[in-house]
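*Asks:* I'd like to go over a predicted model; first the sequence, then the structure.
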Amino acid sequence: MTLVPVTRALLSVSDKSGIVDLGQALVRHGVELVSTGGTAKALRDAGLSVRDISDLTGFPEMMDGRVKTLHPIVHGGLLAVRDDPAHVASMTAHGIGAIDLVVVNLYPFEATVAKGADRAEIIENIDIGGPSMVRSAAKNHQFVTIVTDPSDYAALVAEMDAQGGATTLDLRRRLAARAFAATAAYDGMIASWFGFADQGEQFPETLPLTLKRGEILRYGENPHQAAAFYGATGPAARGIGQARQVQGKALSYNNYNDADAALELISEFRDSAPTCVIVKHANPCGVATAATIDAAYAEAFACDTVSAFGGIIALNRRLDAATARAITGIFTEVVIAPDADEEAIALFAAKKNLRLLLTGALPDPARGGLFAKSIAGGWLVQSRDNGAIAADALTVVTKRQPTAQELADCCFAWTVAKHVKSNAIIYAKDGATAGIGAGQMNRVESARIAAWKAKDAAEKAGWPIPRTIGSAVASDAFFPFADGLLAAVEAGATAVIQPGGSIRDAEVIAAADAAGLAMVFTGMRHFRH
């Protein structure tokens, strides 16, 4: 059967937006309305005739509304196969009337948790009857139409208008798919709350992933790959997917990936002086802190003017006109900022392809959460790398103590190293990166590449010496041999920050002492693969 006339509808919604208009449209098609509690009241207040669910079942609502739709009259009317003689006979014998349309959305469990309700209130907002009706109707979509989202009301009404009060199988199948996705997400949120919040588990035995599709992207990492953005449901930190895009074409897969890397790094400096991060291919190519945001951009850009072309720029301050004017000097894919001046927005308007994303408050870098990566046959899941080391927690392991400026540059370089692909080596001086070595298979090569890039930057800027001279150098993991450290010495570094923990620490410390370096251990590493 393709077309099914809608003669009776059961409406029971928590979100009452649009329900009166829907009720009026159904009545226009001669549909009998059956409803519960607050939904029935809203419809009656609008002058519509509504039959109470208790009148349909012959059984009163009870236990504060916990038991009202869990009844054979309801579920028989939903689950009966209309062209099965045995089912029809059972309906006749037990006085069960068919229900052709169910409009249900569920108790606001997510919103109840988000507002910080106590446990008793959260438990009361676990819907039982609603999901049961949704699943019954969706299972029997051959004959029953199920609507779980007010955004689908218009499509339902349009179809009934076009089909003389009936619905097509195509619509019922599509709405059934949405209904099962809605109950899966709902149950996933409940299971997550019980596992993480109620039971305090870090890794529950079952990990529900409830994601809602946003944009379907033009393609993935490469043109032959398909891609889409899925946003997390439930309470989560605001990120790139929730930012307001002021201008520019739609974000690509790589834009999302790179912009996320830039946002995560700039968030480390959300309470710091004006800071700019420039990212290319998910690695920072320049980071700087300065007295003003335009000065920070200039310093970050100077670190690697080649890689910055076509990059992602993130700021920890409002984008102003001076910075916007400087950024428009080269091709930039995306600019991310908490906010922007109207003059800055106007300057960017001439760059039609440049995406400007305004995030509002930056995410908390110390927040918890899980990081997941798919592998063949499963997923790897770990806690977010929210580790941070304060300056007073560092251990000086060399004969020479670092100066105050060296210590500040060590901490700055260490913060950046956390967001650079391993093996990571970062030279920093006076609150700006001097050279960044990323993603090499050995640490010596990362140290040499970072030093070479610093020399190249100095030549392009006309500086007499590269910024690695007198710099601090950070290594995301320990130096397994002294050769990586000696490469940093050759580049002109005078201070080192690294995790320590190698069986050859004594050899590396001795090399640092021989070169007159100051070196501190963090006791924490920041691998990023």
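*Replies:* Looks like it arrived, so ask away. This is a predicted model, so every value here is computed, not measured.
*Asks:* What count of nearby residues applies to E121?
*Replies:* 12 (other CB atoms under 10 Å). (Each C-beta comes from the backbone N, C-alpha and C, glycine too.)
*Asks:* Correct me if wrong: it contacts K115.
*Replies:* No. Using CB atoms under 8 Å, E121 makes no contact with K115, being 9.1 Å away.
*Asks:* Using CSV, write down the CA coordinates of the longest helix belonging to the chain.
*Replies:* Ranked by residue count and defined by DSSP state H, the top helix of the chain is helix 169-192. Provided in CSV are the C-alpha atoms of helix 169-192 (Å, rounded to 0.1, in the frame of the first residue of the first chain):
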residue,chain,number,x,y,z
LEU,A,169,5.2,5.4,1.5
ASP,A,170,8.3,7.5,0.5
LEU,A,171,7.4,10.1,3.1
ARG,A,172,6.6,7.5,5.8
ARG,A,173,9.9,5.7,5.2
ARG,A,174,11.9,8.9,5.4
LEU,A,175,10.1,10.0,8.6
ALA,A,176,10.6,6.5,10.1
ALA,A,177,14.3,6.7,9.5
ARG,A,178,14.4,10.1,11.3
ALA,A,179,12.3,8.7,14.1
PHE,A,180,14.6,5.8,14.8
ALA,A,181,17.6,8.2,14.7
ALA,A,182,15.8,10.4,17.2
THR,A,183,15.2,7.6,19.7
ALA,A,184,18.8,6.3,19.2
ALA,A,185,20.2,9.7,20.0
TYR,A,186,17.8,10.1,22.9
ASP,A,187,18.8,6.7,24.4
GLY,A,188,22.5,7.5,23.7
MET,A,189,22.3,10.7,25.7
ILE,A,190,20.7,8.9,28.6
ALA,A,191,23.3,6.1,28.5
SER,A,192,26.1,8.7,28.3
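*Asks:* Just the endpoints, please. Distance across stretch 392-409?
*Replies:* 14 Å (CA to CA, to the nearest Å).
*Asks:* now that stretch: how far from the chain's centre is it?
*Replies:* 37 Å (CA atoms, centre = their mean, to the nearest Å).
*Asks:* neighbouring contacts of it?
*Replies:* 391, 410, 428-431, 471-472, 494-495, 497, 500, 505, 509, 512-513, 516-523 (CB atoms under 8 Å, 6 or more residues apart in numbering).
*Asks:* Okay, and which of these map to helices?
*Replies:* Per DSSP H, those map to helices at 410, 505, 509, 512-513.
*Asks:* What subset of those residues is buried?
*Replies:* Taking 16 or more other CB atoms under 10 Å as the criterion, what is buried in the ones in helices among the contacts of stretch 392-409 is 410, 505, 509, 512.
*Asks:* Among those, which pair sits farthest apart?
*Replies:* Within those, C410 and D505 form the most distant pair, 17.3 Å apart (CB to CB).
*Asks:* How many residues are close by G369?
*Replies:* 12.
*Asks:* would JSON lines of the ones in helices among the contacts of stretch 392-409 with pLDDT and distance to N386 be doable?
*Replies:* Below are these laid out as JSON lines (pLDDT from 0 to 100; distance: CB to CB, whole Å):
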{"residue": "C410", "pLDDT": "97", "distance to N386": "20"}
{"residue": "D505", "pLDDT": "95", "distance to N386": "26"}
{"residue": "I509", "pLDDT": "97", "distance to N386": "29"}
{"residue": "A512", "pLDDT": "96", "distance to N386": "29"}
{"residue": "D513", "pLDDT": "97", "distance to N386": "33"}
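*Asks:* possible to save the residues you listed as JSON lines with distance to A417?
*Replies:* What follows is these, written out as JSON lines (distance: CB to CB, whole Å):
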{"residue": "C410", "distance to A417": "10"}
{"residue": "D505", "distance to A417": "18"}
{"residue": "I509", "distance to A417": "20"}
{"residue": "A512", "distance to A417": "18"}
{"residue": "D513", "distance to A417": "23"}
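*Asks:* Out of those, flag the one nearest to E221.
*Replies:* C410 (34.7 Å).
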